[in-house]
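Q: Take a look and give me a structure for this.
(one chain, ligands or ions: 1)
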Amino acid sequence: MCAYYIECRDISKKYVKGPEALKSISFKVPASGILSLIGRNGAGKTTLIRILSTELLPSSGYAEIDGIDIIGEPDEIRKRIAIIPQEARAISWLTPIQTITTFLLYRGINYSEAKRRSMEVLKKLELEQIAGKLNRTLSGGQKRKVLVAALIASDADILFMDEPTTGLDPISRAELWDLLAELKREKFIFLTTHYLEEAERLSDRIAILDSGELKGIGTISELRSRLPKKYSINLIQTSNLDGEIEINGTVLKTGRRLFIDEEEAYSIVRDLINKNAKFSINPISLEDIYYSIAKRDIGGDAYVQE
Ligand SMILES: Nc1ncnc2c1ncn2[C@@H]1O[C@H](COP(=O)(O)OP(=O)(O)OP(=O)(O)O)[C@@H](O)[C@H]1O
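A: A predicted model of the protein is given here:
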């Protein structure tokens, strides 16, 4: 069964010897599919995930999932959730099958059922050949998959994953994406990531945190609809050495994206072709949305034409 809504009302967190990591976070969205939390280092992502998974108390505010008060009834929600913290590592001297079985035993599942489920999930994920190897002999990607396998095998229907794909090579990451895409059909997954492409590809909804503030939350199209310009133009090459072109009073530089609307696109494209420039034009991506909503030109390669 999937949770219905996840809701936060004015969740704030001030660490005793630290900053105000979350500032009055409020949202209510369906708890289904994948909700990805994105934001810079220190934005407050881990703090929010720790609060929602009952590991940390907020300084103030209220949160619930599927009508269960997370702060007031932590034991109730704990039966429904499982988490892979950012620093989670598979215990080096256990094997994958022992790792998953132990995790299930901790969740109150009896030994024979835990063993059966562990073998079933390893088979499903085509990890049978590593089932009996020591975790310390596995690759980073295999170790991460073992942790995800434990969540899959659990009875939890609300999964929290803090940066599940960090440090994985592109192929392992893509394999994990496939796993998560399958998993989200049955469970609600709340994850944090620094990979905007990952968030865009996998997520049903995305939340953008910046310096402890929630800057936006919704589907990609809902976030996109908040921006006045729907396309981005990327100047790849110009025929002049400066690497910039002036079009209708706006200077376009190579390697930087300019946000434009449909009307502007026609005249800009015509002028760029006339000036022998190479360029690409695309609907605005999550990266563009992120830079615009957070109002920061962090990477220095995107800017909004106001
Ligand atoms: N236990 C703690 N005590 C004091 N300050 C903390 C503690 N944990 C986090 N902070 C601070 O709270 C802020 C938010 O940290 P948090 O780990 O939630 O950010 P994050 O978005 O998950 O960052 P990252 O992307 O680097 O993992 C940071 O300024 C951090 O230094």
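Q: so where is this structure shaky, pLDDT-wise?
A: The chain contains residues with pLDDT under 70 at 1-3, 241, 295-306.
Q: bridging residues for the most centrally placed residue in it?
A: For the chain, Ser36 is the residue whose C-alpha lies nearest the centre (Cα atoms, centre = their mean; 3.3 Å). Counting by DSSP bridges, Ser36 forms beta bridges with Leu191, Ile206.
Q: Would you check that it makes contact with Ile208?
A: No: in this structure, Ser36 is not within contact of Ile208 by Cβ atoms under 8 Å, at 9.6 Å. From N, CA and C alone the C-beta is placed, and that goes for glycine too.
Q: can you give me the helices for the stretch 201-306 of the chain?
A: Under the criterion DSSP state H, counting those that start in this stretch, helices of the stretch 201-306 of the chain are mapped to 220-225, 262-274, 286-293.
Q: Indicate which one of the ones you listed is closest to the ligand.
A: Ranking those by distance to the ligand, with Cβ to the nearest ligand atom as the measure, places helix 286-293 first at 13.5 Å.
Q: mind exporting the closest one as CSV, just the C-alpha atoms?
A: Written as CSV, here are the backbone C-alpha positions of helix 286-293 (Å, rounded to 0.1, in the frame of the first residue of the first chain):
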residue,chain,number,x,y,z
LEU,A,286,15.8,21.0,-14.3
GLU,A,287,19.2,22.6,-14.2
ASP,A,288,17.9,25.8,-15.7
ILE,A,289,14.9,25.7,-13.4
TYR,A,290,17.2,25.2,-10.4
TYR,A,291,19.4,28.1,-11.2
SER,A,292,16.5,30.4,-11.9
ILE,A,293,14.4,29.4,-8.9
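Q: tell me which strands and helices it is in contact with?
A: When contacts are defined as 3 or more Cβ pairs under 8 Å, 6 or more residues apart in numbering; DSSP states H and E, helix 286-293 packs onto helix 196-202, strand 205-210, strand 213-218, helix 220-225, strand 257-260, strand 302-303.
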